[in-house]
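S.K.: here's my sequence, what's the structure:
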Amino acid sequence: MMSSTASRSSDLTRQIVVISAVTFMIIAALFGSGVFGGTPVQDLQNGALSATSTVLAPASSAFSIWSVIYTFMIAYTVWQALPSQRGSVRQRRVGYPIALTAVLNGLWLLAAQYTTLLLTVVTIVALLVALGWTMRLLVLNPPRTVAETFFTDVTVGLHLGWVTLATVANTTAWLTTEVAPESWGQAANAWGVAVLIVVALIAAASAIGTGGRLAPALASAWGLLWIGVGRTVSEPQSTPIAIAAFIAAAVVVLVPIALWIRGRRGELVFARA
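M.R.: Take a look at the predicted model:
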């Protein structure tokens, strides 16, 4: 009896922690967008995080995906708080990791507002690692229902896919602004194409490793697509990087689709009761 009571108390604590973490993330996002008086991200760090700062910065329209990710995070938060999810074994395993990703997401925005570009890189890498760990837990503990897939797997997948691209853009901004000598600018196209090839390979490996998860691929492809658009219509323009980005976006999506066709159904592989 005491053990059962302790379990219920622990589960309730987990649900409250997730709610608190996502609330912190949303407040930080509103502050980072300038709604609560903060400086918009594109104007921070002397413009190093803007859509025209480097050859691997996505066009500004790409960042609208954050609205989708935040919507999914809020939906997940409400869903996991339901009494029916309080004792869920799967939520016991991934609830705290998802809360950690929400906190790191908010901390990145605060780091961008108040600290250095290097610290933003450290924070976003930590976020990427946390999301990768969370996705691994989800793969090891497949969903049993469509609701679990929609609220948990798709949410984490979109977050992971976009942050993969955001990490590349953030790191490139730091290297370009504070590390690389100006002479490296002459090789920007070559380095940019090489990085995009690596990103496509990593995304493909991730799709295989997660059994054909489509959500991460779609989010990564979205970022790659807008890198291509950015290098086509705004500065710094680069035809080689635009072409490489478009090809990489296609590869990133086609790999999980090919796995689906072969019968590995990604998010739709349900655990058997």
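
S.K.: any stretches of the stretch 151-273 of the chain with poor pLDDT?
M.R.: 180, 183-185, 264, 271-273 (pLDDT under 70).

S.K.: the helices in it, which residues?
M.R.: 154-174, 188-209, 214-233, 239-261 (DSSP state H, counting those that start in this stretch).

S.K.: next one: the stretch 1-150 of the chain
M.R.: Taking DSSP H, counting those that start in this stretch as the test, the helices found in the stretch 1-150 of the chain are 2-32, 65-80, 83-86, 89-114, 117-140, 146-148.

S.K.: so who does residue 104 touch?
M.R.: 123, 126, 127, 130 (C-beta atoms under 8 Å, 6 or more residues apart in numbering). (Glycine included, C-beta is placed from N, CA and C.)

S.K.: which ones are touching the first one?
M.R.: Spelled out, it's residue 123. The contact partners of residue 123, by C-beta under 8 Å, 6+ apart, come to 104, 107, 108, 111.

S.K.: now, which of those residues sits nearest residue 35?
M.R.: The closest of the contacts of residue 123 to residue 35 turns out to be residue 108 (C-beta to C-beta; 17.1 Å).

S.K.: out of the contacts of residue 123, which one has the weakest pLDDT?
M.R.: Lowest pLDDT within those is found at residue 111 (92).

S.K.: what about that residue, how many residues nearby?
M.R.: Using other C-beta atoms under 10 Å, residue 111 has 21 other residues around it.

S.K.: go on, residue 144?
M.R.: By the measure other C-beta under 10 Å, the count of residues near residue 144 is 15.

S.K.: ok, now residue 35?
M.R.: 11.

S.K.: now residue 182
M.R.: Neighbourhood size, residue 182 [other C-beta under 10 Å]: 7.

S.K.: look up how far residue 87 lies from it.
M.R.: Distance check for residue 182 against residue 87: by C-beta to C-beta, to the nearest Å, it reads 59 Å.

S.K.: same thing with residue 202?
M.R.: Taken as C-beta to C-beta, the span from residue 202 to residue 87 is 36 Å.

S.K.: ok, residue 212 next?
M.R.: 30 Å.

S.K.: next, the contact list for residue 177, please.
M.R.: So residue 177 contacts 45, 46, 48, 53, 117 (C-beta under 8 Å, 6+ apart).

S.K.: the same query, at a cut-off of 10 Å, please.
M.R.: By C-beta atoms under 10 Å, 6 or more residues apart in numbering, the residues touching residue 177 are 45, 46, 47, 48, 49, 53, 54, 117, 118.
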